[in-house]
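Chemist: Got a sequence here, can you build the structure:
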Amino acid sequence: QAQLVESGGGLVQAGDSLNLSCVPSGRTFDRYAMGWFRQAPGKEREFVATVSWDGDVKYYADSVKGRFIIFRDNTKNTLTLQMNSLKPEDTGNYYCVASLRSSWALRVMNPQDYWGQGTQVTVSS
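Modeler: The predicted structure is shown next:
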């Protein structure tokens, strides 16, 4: 069964940086758009960033634009979210997602997409 496995979460202080990784298991997703969503306690899961299958087209939520960078390496089958200047409001469980839809369409969740189990990011003030 195809899975997406996230790693890299942890507890950091405001202003710190953190890199999240997502590695598929059981298959490759090199022709899929991929992205990151996050969910804070008591809140709905929200879009963070997406990238097209070839890495050329990227979209970011306004809340992370200029601080987060999403990129992928299809030769290493890895998706990365580089998070800089972290804020307490960035705290949440971060999920990796893969989809046959475009990186634009992937900004909205769809049950047919592939999802990881998430990795927790906690930013202290």
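
Chemist: all strands for this structure, in order.
Modeler: Along the chain, counting by DSSP state E, strands occupy 3-7, 10-13, 18-25, 33-39, 46-51, 58-60, 68-73, 78-83, 92-99, 114-115, 119-124.

Chemist: quick one: strands adjacent to the shortest one?
Modeler: When you say that, I think you mean strand 114-115. Strand pairing for strand 114-115, using DSSP bridges, gives strand 92-99 (antiparallel).

Chemist: try the fifth one
Modeler: According to DSSP bridges, the neighbouring strands of strand 46-51, each with its direction, are strand 33-39 (antiparallel), strand 58-60 (antiparallel).

Chemist: And the third one, by the same measure?
Modeler: Sheet pairing of strand 18-25 (DSSP bridges) gives strand 3-7 (antiparallel), strand 78-83 (antiparallel).

Chemist: quick one: average confidence on the longest one?
Modeler: Averaged across strand 78-83, pLDDT comes to 97.

Chemist: need the strands of the chain in a markdown table with distance to Ala105 and mean neighbour count, can you?
Modeler: Every residue, glycine included, has its C-beta placed from N, CA and C. A markdown table is the format used below for the strands of the chain (distance: least, Cβ to Cβ, whole Å; neighbours: other Cβ atoms under 10 Å):
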| stretch | distance to Ala105 | mean neighbour count |
| --- | --- | --- |
| strand 3-7 | 18 | 17 |
| strand 10-13 | 31 | 13 |
| strand 18-25 | 19 | 18 |
| strand 33-39 | 8 | 24 |
| strand 46-51 | 9 | 22 |
| strand 58-60 | 10 | 18 |
| strand 68-73 | 16 | 18 |
| strand 78-83 | 17 | 21 |
| strand 92-99 | 7 | 23 |
| strand 114-115 | 15 | 18 |
| strand 119-124 | 24 | 17 |
